[in-house]
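1. got a sequence here, can you build the structure:
(3 chains)
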Amino acid sequence: MTGADLPVWAAWLVVVLAVAGAAFSLTGALGLVRLRTFYERVHAPTLGATLGMALILCGSMLLLSLIEGRLVLRDALIGVFLTVTTPVTLLLLARAAAHRDRHEGDPDAPPRP
Amino acid sequence: MSRILPYPLLSAALALTWLLLNAPLTPGGVLLALLVGLAVPHVMRALRPPAVRVRAPATLARLAGIVLYDMVRSNIDVARVILGLRRGTRRTGFVAIPLDLREPFGLAVLSIILTATPGTLWVQYDSDTGRLLMHLLDDADGDAWIRRVKDRYERPLMEIFGCHPTPTSPS
Amino acid sequence: MPPHADEPVMSAAAVLDWGLGLAQGMLVLAMALAAWRMLRGPRAQDRILGLDTLYLNGMLAIVVHGMRTGSGLYFEAALIIGMIGFTATVALAKFLMQGEVIR
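-> The predicted structure follows:
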């Protein structure tokens, strides 16, 4: 069990950050199920990849810094990495979907830019 | 740039990453970080990436603030759409934006910004016409989105990467 | 130590354990929803999107697990999951576009 020597307000702050981040990620995954078309659904996971990820990593950095008694910023690297890679993933996926839809003559296919 | 530091920004980023991974700070760790920052960018020379110049640091800071604010706000907007809390009818659709920004680094940063704000999705960019196709989750007013992307993000990026706005050529 | 009047109802350790457990449960539920989309489809791009979301939420769940155990060891695991997830999704998306991964 961790954090026995932590002040209670700090524990609450960490928990609020982590639960809020998890709530955004869960909402994003829910959007993956609830939204109707593919292009709408691509928007959903970005919730987890931006604010959800940021809140959870802030909570993690805060907790580890308090436990170890020094500034631990290592988790920010995950944030930087995700921020740089998510656009690449979604851009490629959206382009692949657009390419397939156009190739098949889907009436809902995106117009050419 | 000089022969020792071909890519100073890359060197700084690598050294900082090394230090973050190997916290807590020790003299040996700092030495290794400096070594990594000096040595590794020379490998990049084989790839010959074009040099990037970042100007207007004040604009960069302001843009970061704007993006952070927009990220939080659009996250909440999209969460409301998904949870069905948004009233009224929602239209989704594609919108094409004519971009004046041609600088590859600027376009890369713009794609990161548009992805970091849920509700906007970068679908395709045509480098011949300079037009960007975006998908909007909540397309209440397509023209407002075009203005928003151009004023809030594109203009600061053009300042930062030091290109002058040119009138869009009709294609 | 005898219980004292102004001692909080829950200790810091209990708050962390329950709260982070709740966050972990929400992330696991998110993984289940993403897996549903991955299995359901209907098209290949939907499955890839589901897989990407599954990876992302799994990575966040590992970060939260690292917070619960208070060890920094899970950081590496999370970073590697993120990297492999990125590579896999890019390779799959390229496959969709061109029918082959490496040209």
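2. what's the residue nearest in space to the middle of chain B in contact with, if anything?
-> Centroid-nearest residue in chain B, with Cα atoms, centre = their mean: B:V109, separated by 1.7 Å. The contact partners of B:V109, by Cβ atoms under 8 Å, 6 or more residues apart in numbering or on different chains, come to B:L157. Yep, even glycine has a C-beta here, placed from its N, CA and C like the rest.
3. check whether A:A49 sits in a helix, strand or coil.
-> Assigned state for A:A49: helix (three-state reduction, DSSP: H, G, I helix; E, B strand; the rest coil).
4. now for it, how many residues are close by?
-> Taking other Cβ atoms under 10 Å in any protein chain shown as the criterion, the count of residues near A:A49 is 28.
5. tell me where chain A has helices.
-> Listed in chain order, the helices of chain A (DSSP state H) span residues A:8-34, A:38-43, A:45-47, A:53-68, A:76-103.
6. which of the ones you listed sits closest to chain C?
-> helix A:8-34 (2.8 Å; Cβ to the nearest Cβ).
7. would you turn the helices of chain A into TSV with mean neighbour count, distance to chain B and mean pLDDT?
-> Rendered in TSV, the data for the helices of chain A read as follows (neighbours: other Cβ atoms under 10 Å in any protein chain shown; distance: least, Cβ to the nearest Cβ, whole Å; pLDDT from 0 to 100):
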stretch	mean neighbour count	distance to chain B	mean pLDDT
helix A:8-34	23	4	89
helix A:38-43	24	5	86
helix A:45-47	30	4	86
helix A:53-68	22	8	88
helix A:76-103	19	4	85
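8. may I see these arranged in TSV, with distance to C:Q45 as well?
-> Rendered in TSV, the data for the helices of chain A read as follows (distance: least, Cβ to Cβ, whole Å):
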stretch	distance to C:Q45
helix A:8-34	12
helix A:38-43	6
helix A:45-47	13
helix A:53-68	22
helix A:76-103	4
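9. dump the ones you listed to CSV, plus distance to chain C.
-> Compiled in CSV, the helices of chain A are given as follows (distance: least, Cβ to the nearest Cβ, whole Å):
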stretch, distance to chain C
helix A:8-34, 3
helix A:38-43, 6
helix A:45-47, 4
helix A:53-68, 5
helix A:76-103, 4
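10. those helices: which one's closest to C:V28?
-> Within these, the stretch nearest C:V28 is helix A:8-34; the backing value is 9.6 Å (Cβ to Cβ).
11. now do that closest one: distance to the chain's middle.
-> Relative to its parent chain, helix A:8-34 has a centroid offset of 10 Å by Cα atoms, centre = their mean, to the nearest Å.
12. packing partners of it?
-> The helices and strands touching helix A:8-34, judged by 3 or more Cβ pairs under 8 Å, 6 or more residues apart in numbering or on different chains; DSSP states H and E, are helix A:38-43, helix A:45-47, helix A:53-68, helix B:57-83, helix C:12-40, helix C:44-69.
13. most tightly packed of those?
-> Mean neighbour counts were taken over the helices and strands packed on helix A:8-34 using mean count of other Cβ atoms under 10 Å in any protein chain shown, and the top value, a mean of 30, falls to helix A:45-47.
14. show me the contacts for residue 38.
-> In the absence of a named chain, this looks at chain A. Residues A:A97, C:R43, C:Q45, C:D46, C:L49 are the ones in contact with A:F38 under the rule Cβ under 8 Å, 6+ apart.
15. think we crossed wires, I meant chain C
-> With contacts defined as Cβ under 8 Å, 6+ apart, the neighbours of C:M38 are C:D46, C:R47, C:G50, C:L51, C:L54.
16. check which helix or strand the residue lying closest to B:L63 once chain neighbours are set aside maps to.
-> Spatial nearest neighbour of B:L63, excluding adjacent residues (Cβ to Cβ, 6 or more residues apart in numbering or on different chains): B:P156 at 4.3 Å. B:P156 is part of helix B:155-160 when elements are defined by DSSP states H and E.
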